[in-house]
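>>> Fold the following.
(chains A and B)
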Number of protein chains: 2
Amino acid sequence: MTTEQETTVLAKRVEDLLRGDDVAEAIELLASIHPADQADLYLHLDSELREALLALLSAEGLAQLLRHLDEEVRQEVVGRMPRAALARVLDHAESDVAVDILRLIPPAETARVLANMATAADVTPLLGHADESAGGLMTRGYVALHKDMTAAEATTFLRLSKPLAEEDYYLYVLDARNRLQGVVNLRQLIVSAPQTRIEDVMTRDIITVSPDTDQEEAARLIQHYRLRALPVVDEEGMLRGIITTDDIIDVLTEEATEDMYRMVGVGVDERAFSPLRESAKRRLPWLAFNMAWAFLAVAIVNFFEPTIAKLSALAVFMPMIAGQGNNAGVQTATIVVRSLALGEVHLRDTFRLLRKEVQMGMIKGATFGTVLGLVAWLWKGNATLGVVAGVALFLNMIVAGLGGVLMPMALRRLGIDPATVAGVFDTVLTDIMGFLIFLGLATLLIDQLTS
Amino acid sequence: MTTEQETTVLAKRVEDLLRGDDVAEAIELLASIHPADQADLYLHLDSELREALLALLSAEGLAQLLRHLDEEVRQEVVGRMPRAALARVLDHAESDVAVDILRLIPPAETARVLANMATAADVTPLLGHADESAGGLMTRGYVALHKDMTAAEATTFLRLSKPLAEEDYYLYVLDARNRLQGVVNLRQLIVSAPQTRIEDVMTRDIITVSPDTDQEEAARLIQHYRLRALPVVDEEGMLRGIITTDDIIDVLTEEATEDMYRMVGVGVDERAFSPLRESAKRRLPWLAFNMAWAFLAVAIVNFFEPTIAKLSALAVFMPMIAGQGNNAGVQTATIVVRSLALGEVHLRDTFRLLRKEVQMGMIKGATFGTVLGLVAWLWKGNATLGVVAGVALFLNMIVAGLGGVLMPMALRRLGIDPATVAGVFDTVLTDIMGFLIFLGLATLLIDQLTS
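You can find the predicted model right below:
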């Protein structure tokens, strides 16, 4: 991974070569750059140079480049390519990458491309699965052995067939009807006596998923059991493909982004430069939902308007009491939401968490309530105002702790993803309760406050 | 990965067996459970049964269990174990796990445990590296070949030495002085003619890191280049260890959690049940920092207190204008912070992002400003109040977009992690500007508002 600066320098050199006539030198330079870095470079080039770069790559080189580009850019690259050329490129791509790319072109053209592909038989069965399922993530690039082979036969088979497998550390052992019986790794094969039957060295107890399994579940399995590859098996026990660790890394990174974005109502697929329309479609509803609830807080303040009319200094401290409540609440809610997502915390832990977060609320409340109370007293020269503001902040910090635990837990209980709305509810709760306590106390003590 | 319910049922059975006398059956049941699930079970048991379970496991079984437990629980397990027993357990653990565990016990005891370990020579060199560096993450469990071996010799070597390697898909090729020369994978070895020299089939162009490389950088390299293992090489070119994908998955998950937690001032190492003291140590300073800035918003409201004294209804709409500004700002800031972290956006994109987010702000502002304006007008029967509230919200949404882009970018520019404080600054900015615009406009139009 080159740094941003190195990329810029390299991009300059590639640009110069692409603009010049020395095709041989340009090809040589490109060949010395890892496809992952070629992908970064590609993003730096303007439209004309992008075309020049693509023209210099072989079908295999293009397949490698496509593997490292994201969906949006892949679409652009594929759009520039004649369909016959695309078939040759996809023949060099791993089957899961080929499928992802075939999904980007219109179905009518897919058939035409497939008809020209030598590896169509590997790719076609994958096309039927949903993109975010185990079936959509898996590759057909695995090596299958028959259970009755000997270690020597298996080794010879490998030597002669030279399989192009993405993940050939594990070899999958099938019976006569292609049902998955076990797995051996290359090391087991090599260290076995030549006449040993595969069946006798293979591991039978294997963790598998079905093609419909959600990709996040597949990712969690690989992470939980620390697997290197996960076989995908259909209801008849037939091996349909395998999922490899590098695909999982992308799924986990995406998932983490999703968790962060969901908490603030940003679209899961939104990127920094998504079109305005896309961004608005996801962000506005969340803000509207927020606004609807925020009218509750407005109603509370409205109810106490007569008190504010008597002592306008109350309005000065309102933002602080609500704001610190929001902040404390979002701290608790974020920990609870993330811990639920990672499976580190379960519904049954609610009471234990509640105890901790209420205690935290008391610590936060005592600290910041005292500070606010003193500031209000000394600044406004009104001790009662200090007490009212301090006590309100103290209590609101406890509300924040309670809400930060109970909101996500209740949402999870109801089967709603807590990430989506826990933050909204917690903010509204601390607004409402903060104003209710602060302005309520002030109303009760209005005579002392204004004397 | 068993579901929560299955774990509970299984835990019941294990508990009953552990309480009973049928040791053989308990051992048999345990053996049928994957160590990753044993680890989940362990967390469900009370202190007495935990001890009973540990007593049933062999040294190898304990090593497997420890691999799947997190640091806190490892410490507890290791604390219960006699030092001589611990040495036997660590002999069965992978070297990176063994090192992590040795770091949990007092240095004086570490020496005693190491003295009893057969694999001390593999583990000792790893102890010198920082926990979060490539050196701290790597394992010595790799297979090394000599570059002058033939494929047949290498295969025989593997068959005879039966190395216990964590990652033996790649074989590392060293010269006479143990300097890394290249890498071959088992497949290349198997498909080569027996007399081929390793040197002639190995890949020479390898991506490596030094032992001091930060673990996040190592994780990014593996993700970027889609590697299966990453060799760690010192300044003399000697191979010191390798980092495998499963370790990286944990690093990436941790990193994502860190990004989320940093945005709300929660400790990076904080877990849902961290001790109060730990939690307070990280959360209070962030809240204090927030509070200090929030006094700016308080000062603004205070400045306009005379206006509020004339028209207390203004206080009713303050929470809405600030709150919606906060929400819109946090949407933008979250996208920018995460995109910067993932390397999808760079400083040079500031202007482009700004354009988009200001446009988004205008869309958000036009939508919600109109709604708020209408509500204020119809509810309070005051058209001017409607205009003031609506315009203030409209402008504050644009401020939110500006701040959401400029704050993280400015922090990045200054070399400060934007995740840490971008949210704080954005919230304060939308509070201040929201109040300033709303109350400022109201002050200018106070005659129309109160007529």
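
>>> Using the three-state scheme, assign the closest residue in space to A:Gly136 that isn't next to it in sequence.
Among residues not flanking A:Gly136 along the chain, A:His129 sits closest, at 4.5 Å (CB to CB, 6 or more residues apart in numbering or on different chains). Bear in mind the C-beta positions are built from the backbone N, C-alpha and C, glycine included. Following DSSP: H, G, I helix; E, B strand; the rest coil, we place A:His129 in the coil state.

>>> A:His129 - how many residues pack around it?
By the criterion of other CB atoms under 10 Å in any protein chain shown, A:His129 has 19 neighbours.

>>> if we look at the strand or helix carrying A:Asp37, which residues are touching it?
Here A:Asp37, judged by DSSP states H and E, is contained in helix A:35-44. Applying CB atoms under 8 Å, 6 or more residues apart in numbering or on different chains, the contact partners of helix A:35-44 are A:1-2, A:7-8, A:10-11, A:14, A:30, A:33, A:50, A:53, A:61, A:64-65, A:67-69, A:73, B:224-226.

>>> Would you mind listing the buried residues in the next helix or strand after it?
Beyond helix A:35-44 in the direction of the C-terminus, DSSP H and E gives the next helix or strand as helix A:47-56. By 16 or more other CB atoms under 10 Å in any protein chain shown, the buried positions in helix A:47-56 come out as A:Leu49, A:Arg50, A:Ala52, A:Leu53, A:Leu54, A:Leu56.

>>> do the same with stretch A:302-315
So, applying 16+ other CB under 10 Å, buried residues of stretch A:302-315: A:Asn302, A:Phe304, A:Thr307, A:Ile308, A:Ala309, A:Lys310, A:Leu311, A:Ser312, A:Ala313, A:Leu314, A:Ala315.

>>> Check stretch A:17-29 too.
Result for stretch A:17-29 [16+ other CB under 10 Å]: buried residues A:Leu17, A:Leu18, A:Ala26, A:Leu29.

>>> For the stretch 201-350 of chain A, which segments count as strands?
For the stretch 201-350 of chain A, the strands defined by DSSP state E, counting those that start in this stretch occupy A:229-233, A:239-244.

>>> relative orientation of the shortest one and strand A:239-244 in degrees?
It stands for strand A:229-233. If you take axes from the mean of the first three to the mean of the last three CA atoms, to 10 degrees, strand A:229-233 sits at 160 degrees to strand A:239-244.

>>> Using PDB, write out every CA atom in strand A:229-233.
Extracted as PDB, the C-alpha positions of strand A:229-233 are listed here (Å, rounded to 0.1, in the frame of the first residue of the first chain):
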ATOM      1  CA  ALA A 229     -12.300 -21.100   4.300                       C
ATOM      2  CA  LEU A 230     -15.900 -22.000   4.800                       C
ATOM      3  CA  PRO A 231     -17.600 -24.500   2.500                       C
ATOM      4  CA  VAL A 232     -21.100 -23.800   1.200                       C
ATOM      5  CA  VAL A 233     -23.300 -26.900   1.100                       C
END
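
>>> Show me how the record splits chain A into domains.
A:4-130, A:143-246, A:276-450 (automatic domain parsing).

>>> A:Arg240 reaches A:Pro125, doesn't it?
Yes: look at A:Arg240 against A:Pro125 with CB atoms under 8 Å: they come within range, at 6.9 Å.

>>> Give me the more crowded residue out of those two.
Just comparing A:Arg240 and A:Pro125: by other CB under 10 Å the higher neighbour count belongs to A:Arg240, 22 against 16.

>>> what does the stretch 351-451 of chain A put close to chain B?
A:352-353, A:356, A:359-360, A:363-364, A:367-368, A:371-372, A:375, A:427, A:431, A:435 (CB under 8 Å from any CB of the partner chain).

>>> Quick one: buried ones out of the residues you listed?
Buried among those by 16+ other CB under 10 Å: A:353, A:356, A:360, A:363-364, A:367-368, A:371-372, A:375, A:427, A:431, A:435.

>>> Reformat those into CSV and put pLDDT and secondary structure next to each item.
Compiled in CSV, those are given as follows (pLDDT from 0 to 100; DSSP: H, G, I helix; E, B strand; the rest coil):
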residue, pLDDT, secondary structure
A:Leu353, 91, helix
A:Lys356, 92, helix
A:Met360, 92, helix
A:Ile363, 94, helix
A:Lys364, 94, helix
A:Thr367, 94, helix
A:Phe368, 95, helix
A:Val371, 95, helix
A:Leu372, 95, helix
A:Val375, 95, helix
A:Thr427, 86, helix
A:Asp431, 93, helix
A:Phe435, 95, helix
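
>>> B:Ala341: which of these is nearest?
A:Thr427 (24.0 Å; CB to CB).

>>> ok, for the closest one, nearest residue in space, not its chain neighbours?
Leaving aside its chain neighbours, A:Thr427 sits nearest to A:Asn326 (4.9 Å; criterion: CB to CB, 6+ apart).

>>> who's in contact with the one you found?
Here A:Asn326 is in contact with A:Ala400, A:Asp426, A:Thr427, A:Thr430, A:Asp431, B:Asn326 (CB under 8 Å, 6+ apart).

>>> repeat for A:Ile300
Applying CB under 8 Å, 6+ apart to A:Ile300 gives the contacts A:Ile432, A:Phe435, A:Leu436, A:Leu439.

>>> Now go through those residues and say which are in helices.
Per DSSP state H, helices hold the following members of these: A:Ile432, A:Phe435, A:Leu436, A:Leu439.
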